[in-house]
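> Build me a model:
(4 chains)
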There are 2 protein chains.
Amino acid sequence: MAQTKRAGSKKERRQESEALILKAAEKVFAEAGYGGATMQLIADLAGLPKANLHYYFPTKEALYRQVVEKIFRIWLEAADAFDEAEGPREGLGAYIDAKMEISRRHPAGSKVWAFEVMHRAPIIQDYLETALMQWTKGRAQLIQGWIEDGLMDPVDPQILLNLIWATTQHYADFSHQIETLNGGQPMTDEQWDNAKTNVKNIILKGLGVK
Amino acid sequence: MAQTKRAGSKKERRQESEALILKAAEKVFAEAGYGGATMQLIADLAGLPKANLHYYFPTKEALYRQVVEKIFRIWLEAADAFDEAEGPREGLGAYIDAKMEISRRHPAGSKVWAFEVMHRAPIIQDYLETALMQWTKGRAQLIQGWIEDGLMDPVDPQILLNLIWATTQHYADFSHQIETLNGGQPMTDEQWDNAKTNVKNIILKGLGVK
DNA sequence: AGTATTCCTGACCGTATGGTCAGGATGAGA
DNA sequence: TCTCATCCTGACCATACGGTCAGGAATACT
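Below is the predicted model:
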């Protein structure tokens, strides 16, 4: 027998294990916060002994950091929607769509991000000050340009970004409240589409987008 | 000497101590989450020995519950803005103002609420299912009435409420991110007014409010 | 086949946490 | 003034947590 007992080489299994742990950690951190999460809970959810986590991730904080960094990457990737646009209707619309889709597919990640920021960002403060700041300044200029071209009403770009972030992330961060008010049922596909459309319409119309 | 050494009677001092502890607890729970908060931290911030906290509040959970209930009361009080209104411009406008003001004055409380909901509301799930549900249904009908009267565009009322909640609470829950992007400075009074006005204008215009 | 390297884990440890309690201090009531 | 209930706290637990480590198992390399 040339290769391994279980599927994959050692390197592959390492990646698999790390991904498994990260996924479990994301969920536990999202549900309990950093302080409330325990390595034992994460280990149980991942189906591994606790000591194994410490083999791949030396400390709880190192594991948490990787979880947060993963979210941040996804968060920024939604920016692509902005770049390829010619005007506010296309650009903002696509960005709202992308962010709603993130809330739908990565609710746990969004919650971890929210936790982190509420904690005054002890782990990723440097990201806020560099990557996020830079990204935000760039998009603010883009929006300012649209305003000056008369493509939308004059609005403080930062306030607009806050509004979009808040609204889209709310569907992930407060999913439990939304579910409760929805009769205890998770949102259906139609409800997601409906929310997406409504949110987009309200914001774009509210901005006087041409 | 007829009365006490320190100001106030015993009952008054009890109320003062409880208020002091609740205030400290709100801040610590907001900054660290339930799991990350410790009774010692709360005691230190309140300037009392830890054992004293347990005299007034038997357990950490009991203390937390009171903090959350306090927030919920403030949260619902903003509803008054809705009631006294004749139309959507006045009603929604006043509600947005009231909620922005809560975010400004009770940022810690808002964060605790967010934590609690993200934790799937282990403590106040019953409030969500009764008080919040009832309140929401009432306001949704009100909004539906405005729509039927042609005072605003047809929009799913629940989605509108989500949008308002998200946007206004964002300024409390993500205050650290906002501050960082604001050059590390807290929002000035003018910035608050500006945000309030912009948010209101975008939403009301987006709803096609007459 | 033989050896080096990586992977894995049960058992263990020091610390910090929520909570308890005995007993003293303080104020209220008669 | 005397008595009683309330208030307050230092010292003390039991538990649970993050993290360690010795040593065995599996795999890769030559």
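> near DNA strand C, which residues of chain A show up?
Residues of chain A lying close to DNA strand C (CB under 7 Å from any atom of the strand) are A:10-11, A:13-14, A:17, A:48-52, A:54-55. Heads up, the C-betas are built off the backbone N, CA and C, glycines and all.
> Could you tell me which of those residues are located in helices?
A:10-11, A:13-14, A:17, A:50-52, A:54-55 (DSSP state H).
> and the two most separated of those residues?
Farthest-apart pair in these is A:11 and A:50; separation 23.5 Å (CB to CB).
> So which of those two has more stuff around it?
residue A:50 (14 against 8; other CB atoms under 10 Å in any protein chain shown).
> Got the phi and psi for the closest residue to residue A:154 other than its chain neighbours?
Residue nearest to residue A:154 in three dimensions, not counting chain neighbours: residue A:147, with 5.1 Å by CB to CB, 6 or more residues apart in numbering or on different chains. Backbone torsions for residue A:147, taken as degrees, to the nearest 10, come to phi -60, psi -50.
> Nearest to DNA strand C within chain A, name that residue for me.
Per CB to the nearest atom of the strand, residue A:51 is where chain A lies closest to DNA strand C, at 2.9 Å.
> Secondary structure element holding the spatially most central residue of chain A?
Geometric centre of chain A, nearest residue: residue A:110, 4.0 Å, by CA atoms, centre = their mean. Assigned by DSSP states H and E, residue A:110 belongs to helix A:107-118.
> any residue of that helix up close to DNA strand D?
No. If you take CB under 7 Å from any atom of the strand as the test, helix A:107-118 misses DNA strand D, and the best it gets is 14.5 Å.
> Contacts only, for residue A:20.
A:46-48 (CB atoms under 8 Å, 6 or more residues apart in numbering or on different chains).
> circling back to that earlier point, so is the helix holding residue A:110 next to chain B?
Yes. Among the residues of helix A:107-118, A:111, A:114-115, A:117-118 lie within reach of chain B under CB under 8 Å from any CB of the partner chain.
> same deal with stretch A:126-138?
Yes. If you take CB under 8 Å from any CB as the test, stretch A:126-138 does meet chain B, through A:128-129, A:132-133, A:136.
> The residue nearest to residue A:154 reaches residue A:153, doesn't it?
Yes. Using CB atoms under 8 Å, residue A:147 makes contact with residue A:153 at a distance of 7.3 Å.
> quick one: which of those two has more around it?
residue A:147 (19 against 16).
> helix or strand right after the worst-scoring helix or strand of chain A on mean pLDDT?
The helix or strand of chain A with the lowest confidence, counting by mean pLDDT, DSSP states H and E, is helix A:80-83 at a mean of 82. As assigned by DSSP H and E, the chain's next helix or strand after helix A:80-83 is helix A:88-105.
> can that following helix be found next to chain B?
No. Using CB under 8 Å from any CB, helix A:88-105 stays clear of chain B, with a minimum separation of 10.7 Å.
> in that helix, what's buried?
Applying a neighbour-count criterion of 16 or more other CB atoms under 10 Å in any protein chain shown, one finds A:88-89, A:91-100, A:102-104 buried in helix A:88-105.
> Summarise which helices and strands it is packed against.
Secondary-structure packing of helix A:88-105 (3 or more CB pairs under 8 Å, 6 or more residues apart in numbering or on different chains; DSSP states H and E): helix A:80-83, helix A:107-118, helix A:133-148, helix A:157-173, helix A:189-206.
> most packed of those?
helix A:107-118 (a mean of 25; mean count of other CB atoms under 10 Å in any protein chain shown).
> Which elements pack onto that one?
Secondary elements touching helix A:107-118 (3+ CB pairs under 8 Å, 6+ apart): helix A:10-36, helix A:60-77, helix A:88-105, helix A:157-173, helix B:10-36, helix B:107-118, helix B:157-173, helix B:175-181.
> Identify the residue nearest residue A:93 in space, chain neighbours excluded?
Sequence neighbours aside, residue A:200 is the residue nearest to residue A:93 in space, at 5.5 Å (criterion: CB to CB, 6+ apart).
> tell me the contacts of the one you found?
For residue A:200, the contact set (CB under 8 Å, 6+ apart) comprises A:93, A:96-97.
> Then residue A:127?
A:69, A:72.
> so how far is residue A:26 from it?
Per CB to CB, to the nearest Å, residue A:127 is found 17 Å from residue A:26.
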